[in-house]
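In: got a sequence here, can you build the structure:
(one chain, ligands or ions: 1)
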Amino acid sequence: MSLTQSTVNQSVQIIKLSYPPVNGLGLALRRSIFKDVQEAIANPLVKAIVLTGANSVFSGGADIKEFGKSESSTEPLLTTLIDFLERSSKPVIAAIQGACMGGGFELAMGCHYRVAHADAIFALPEIKLGLLPGAGGTQKLPRVIGLERALNFMTQGDSVKAAQMSEWGMVDELFTKGLDQFTEFAEQFAKEVVAQNKPLARIRDLSVDYPNYQAYLDFAKNTVKASAPNYPAPVALIECVLAACSQPYLEGMKVEREHFLELMTTPQSKAMRYAFTAERACSKIPDITEDTQLKEIKKLGVIGSGTMGGGIAMNFLNAGIPVIMLDTTQESLDRGVATIRKNYENTLAKGKLSKDQYDKRMASLSTTLSFEDLKDVDMVVEAVFEEMQVKESVFKKLDAVLKPGAILATNTSTLDVDVIASFTKRPQDVIGTHFFSPANVMKLLEVVRGKKTSREVLATVMKLGKKIKKTAVVSGVCDGFIGNRMLEHYIRMSVQLVEQGATPQQVDQALEKWGMVMGPFRMSDLAGNDIGWAIRKRRYVEKPSVIYSKLADAICEAGRYGQKTGKGWYRYEAGQRKAIPDPQVQTIIEQFRADHNVQAVKISEQEIIERTIYALINEGARILEEGIALRASDIDMVYLTGYGFPLFRGGPMKYADQIGLFNVAAVMGSLLAQTKDSFWSPAPLILKAIEEGKSLT
Ligand code: NAD
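Out: Sure, this is the predicted structure:
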């Protein structure tokens, strides 16, 4: 089956890539393009060839479904196809509309000329998958747009608009009229190329003009090594660009190929490609289908204008959904609105928001003290105090005033969503939306599906999650949901390590070196140590068998709640966030050890990593087993987007698979023997997977 639509119009052959959704350059499409170009060259009536997209995109790049499969290495490879275009005896013109990304952009750079619609966007985003452009991009881009720009563009992987590419010399002509006239414009351009007998211009024949490239690239290499030590792709990219400057094109292509193939096999790139698919998998829910009815959310109510309420409201205002915010006092509302305003003003000052957008967002925000005013909202998100009685009173009032079919969402972090739903006569419309602080910044949204939550409500909230640009992950109801339930054991193990001989900074440094954005003690200080303390007090009663070191309580008893009190596991200078090791903490720790007859032992970095990260793995496996998470990759997305887990390790579940479950279980077995903490019995799911030779992911 051909994946192109090819027509000859007078002397121009128009080849339209037609492989929805993004004309991914899989084998079948590469074959179709090759065949069409071959025919065009053989046809004496054809004088020029236009390559364009049939839909509103040029090409989104490689077909990721092909990654790792034999098709990806079957001829014609993209490099072969590009070579073929470059050698064509008739001019080939890329007519670019919509996305022109990755391999798609490299294909366009293989054409003799490029025209673009003003709406087109260009990117070489391979770096985000731990790779680099592998079909000549690293060699061609600097030859056209210059060394510095090309390097920035490829190391960031972000997209730029057609006008920018045109200014940089990549686009020969920019078309600003309607998309429906674009093919005709490209055809006309092709005819002019022929009429004016323009040369078959090849980017590969240019050279990079940058006198002191070696010094510049050395500097760039040192910079990326320091800022992203765990990521090999940026350094490899710089090596390729160096080759583009210092060697003939074909030699440079060899360097690029070598690096590309090497990167494909790195655990970092494997983890990043895994995360890319994992993110897409989150929205797939077994019992939700294409025809599940969605509700329209045109207006939102937010209950509680505190830390979370304000941030939550901003998400919806940013997405163009008007918000009405309710609180118990005018003072609280004023404070909430002032915080939102200040946040937007900061963004405005940074130039990341226009005055018009700012005005629109603030105008879409209203406030009230009366539940009656929520009559016309399509959904509410509740973010009041974390107390069941308060939630009960709020949900009863909401049930009384909201229109039928409205969605009632709670932002609770620890309370039972099913119990909250039971306060209403419409539990099918109740759901958890667990935002992370700061709610306007953090990517993660745990969507908590109650026992009675309807499919329509779940599907609507998942879609809404996308609209407000969150990574929405479904969680079942349990204490702490996916993320915090796992975190509790991670923190528990961290405190045990300090009780037994480590220092908070030693634990933090080991985990940060391993890749965590923030070590557990710095994180606890940021979140507030009193929050964990309150949860532990509940646990001591509910789950007396769980082994907690009471050292964390001793820290709280000393009034060390974290950044908000200027001291926690560290101390903080007024108004600053830098964690400074504090001798007073060491005194508390030593006193605690003395009181509890603990002989401090030396704790290695490896032990720190194993006891904390394997705690995440084991609890994650239990969560999976209980069906709280739909799939292992959902757990990984929670950790990658909400807890600063290093992307290059793919998430705790992926990491477990990478080290091998047998090895993970063996270490857990030793920890069980050593600590007598039954937590370390490997989750049955892990044992089953080992027996069946399977992985978690
Ligand atoms: P907060 O104390 O900053 O704000 C709560 C707001 O709710 C206050 O403005 C208060 O006046 C208002 N409120 C209290 N009772 C009310 C009522 N009956 N009707 C209307 N408004 C009422 O608390 P927060 O940190 O924003 O937390 C809110 C919710 O979000 C809690 O359930 C909490 O567990 C959850 N949560 C918090 C975080 C976090 O990091 N702070 C993260 C995730 C989830």
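In: what does the chain put close to the ligand?
Out: When proximity is defined by CB under 6 Å from any ligand atom, the chain lies next to the ligand at 303-309, 326-328, 332, 383-386, 390, 393-394, 411-413, 435, 437. Every C-beta, even on glycine, is put in place using the N, C-alpha and C of the backbone.
In: among the residues you listed, which are in helices?
Out: Mapping these onto helices (DSSP state H) picks out 307-309, 332, 390, 393-394.
In: which of those ranks first by neighbour count?
Out: The member of these that has the most neighbours, counting by other CB atoms under 10 Å, is Gly309 with 28 neighbours.
In: look up how far Ala439 lies from the spatially closest residue to that one that is not a sequence neighbour.
Out: Leaving out its chain neighbours, the residue that sits closest to Gly309 by CB to CB, 6 or more residues apart in numbering is Ala383, at 4.1 Å. Distance from Ala383 to Ala439, counting by CB to CB, to the nearest Å: 8 Å.
In: now do Glu626
Out: For Glu626 relative to Ala439 (CB to CB), the value is 27 Å.
In: which one's more surrounded, those two?
Out: Of the pair Glu626 and Ala439, Ala439 is the one with more neighbours under other CB under 10 Å, namely 24 against 12.
In: the closest residue to the more buried one other than its chain neighbours sits in which helix or strand?
Out: Nearest residue to Ala439 in three dimensions, chain neighbours excluded: Gly311, at 2.9 Å (CB to CB, 6+ apart). Using DSSP states H and E, Gly311 sits within helix 307-318.
In: what's the overlap in contacts for Ala383 and Ala439?
Out: Listed contacts common to Ala383 and Ala439 are 308, 312; contacts here mean CB atoms under 8 Å, 6 or more residues apart in numbering.
In: count of neighbours near the residue of the stretch 51-200 of the chain at minimum distance from the ligand?
Out: Residue of the stretch 51-200 of the chain nearest the ligand, by CB to the nearest ligand atom: Lys128 (27.9 Å). Lys128 is flanked by 17 other residues according to other CB under 10 Å.
In: wait, the residue nearest to Gly309 sits on Ile312?
Out: Yes: using CB atoms under 8 Å, Ala383 makes contact with Ile312 at a distance of 5.9 Å.
In: list residues touching both of those two?
Out: What both Ala383 and Ile312 touch, as defined by CB under 8 Å, 6+ apart, is the set 302, 411, 435.
In: of those residues, which belong to strands?
Out: Taking DSSP state E, the ones among these that sit in strands are 302, 435.
In: domain ranges for the protein, per the record?
Out: With domains defined by automatic domain parsing, the chain comprises 4-263, 300-475, 483-692.
In: measure the second one end to end?
Out: Terminal residues of domain 300-475 are spaced 23 Å apart (CA to CA, to the nearest Å).
In: again with the last one
Out: Domain 483-692 has an end-to-end distance of 27 Å (criterion: CA to CA).
In: show me how far it is from its chain's centre.
Out: Centroid displacement of domain 483-692 relative to its chain, using CA atoms, centre = their mean, to the nearest Å, is 23 Å.
In: any low-confidence regions in the chain?
Out: Judged against pLDDT under 70, the chain has no low-scoring part.
In: could you pull out the helices in the stretch 551-697 of the chain for me?
Out: Per DSSP state H, counting those that start in this stretch, the stretch 551-697 of the chain carries helices over the ranges 551-557, 583-595, 605-625, 632-642, 652-659, 661-675, 684-692.
In: ranking those by burial, who's on top?
Out: Of these, the one with the most neighbours on average (mean count of other CB atoms under 10 Å) is helix 632-642, at a mean of 27.
In: got the angle for that helix vs helix 652-659?
Out: 110 degrees (axes from the mean of the first three to the mean of the last three CA atoms, to 10 degrees).
In: who does helix 632-642 touch, helix- and strand-wise?
Out: helix 267-281, strand 444-449, strand 471-476, helix 481-500, helix 605-625, helix 652-659 (3 or more CB pairs under 8 Å, 6 or more residues apart in numbering; DSSP states H and E).
In: how about JSON lines for the ones you listed, with distance to Tyr548 added?
Out: Converted to JSON lines, these look like this (distance: least, CB to CB, whole Å):
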{"stretch": "helix 267-281", "distance to Tyr548": "32"}
{"stretch": "strand 444-449", "distance to Tyr548": "24"}
{"stretch": "strand 471-476", "distance to Tyr548": "24"}
{"stretch": "helix 481-500", "distance to Tyr548": "6"}
{"stretch": "helix 605-625", "distance to Tyr548": "13"}
{"stretch": "helix 652-659", "distance to Tyr548": "21"}
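In: which one of the ones you listed lies closest to Ser6?
Out: The closest of those to Ser6 is helix 267-281. By CB to CB, the value is 31.4 Å.
In: tell me the buried residues in the closest one?
Out: Buried residues in helix 267-281, defined by neighbour count with 16 or more other CB atoms under 10 Å: 268-276, 278-279, 281.
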